[in-house]
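Participant: fold the stuff below for me.
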Amino acid sequence: MKTTLKQLAFPVLILISVCSHSAFAGDKKMQCPDFLNQEFKKLHSSENVNLCKLYQGKPILFVNTASHCGFTKQFKPLEALHQKYKDKGFQVVGFASDDFNQEAKSEEEAAGICYKNYGVTFTMLSPTKVKGKDANPVFSHLAKATGEEPAWNFNKYLVSADGKTVKHYGSRENPLDSQLEKDISAAL
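Facilitator: Okay, the predicted model is just below:
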């Protein structure tokens, strides 16, 4: 049986079309939401991080933190969440903030509390505003999306893999064995 070039061309064109459609759909799925296309300085570092590089089309948890708060002990369970789900692409990002007057006086002190005292390995960012008219663009969007800006330190915002759904959890929401963890697990 003799196969002509015309007979081979049609299936090849179909294969190319399917592959390019899949690649385009994958790119569309991985497109970073505008509110995450922000660059912030890492805590006690000269290095910056663009949140889109962390996002990668997976759920991401944002937390406003303070080093001298009664909820500071939540760094341990937040780190445990990070360790438990990071291999599935999940990220935790801490935004240090002095909006409630409980952040360390220096980034060096804040970094010592986070990294040495609590063993934090997830991304921690330099102090920034998280509420009110001066809130950074990420927290401004999170507050608008949920109708709830942080009322205190350690408010948590879970952003869905597509970046369209945001859920808010208050300071008292324990990161582990909670509705928050159930929602993370379901989102992955």
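
Participant: would you map out the domains in the protein?
Facilitator: As given by automatic domain parsing, the domain ranges for the chain are 1-30, 34-187.

Participant: bridging residues for the residue nearest the centre of the chain?
Facilitator: Centroid-nearest residue in the chain: residue 60, 3.1 Å away (criterion: Cα atoms, centre = their mean). Beta-bridge pairing of residue 60 under DSSP bridges involves residue 91, residue 159.

Participant: these two touch, right, it and residue 89?
Facilitator: No - using Cβ atoms under 8 Å, residue 60 makes no contact with residue 89, being 9.1 Å away. Glycine gets a C-beta too; all of them are placed from N, C-alpha and C.

Participant: the chain: strands as residue ranges?
Facilitator: According to DSSP state E, the chain carries its strands in the segments 39-41, 48-50, 60-65, 91-96, 123-125, 156-159, 166-169.

Participant: mind listing residues that contact the fifth one?
Facilitator: The reference is to strand 123-125. 40-43, 49, 54, 65, 91-96, 111, 114-115 (Cβ atoms under 8 Å, 6 or more residues apart in numbering).
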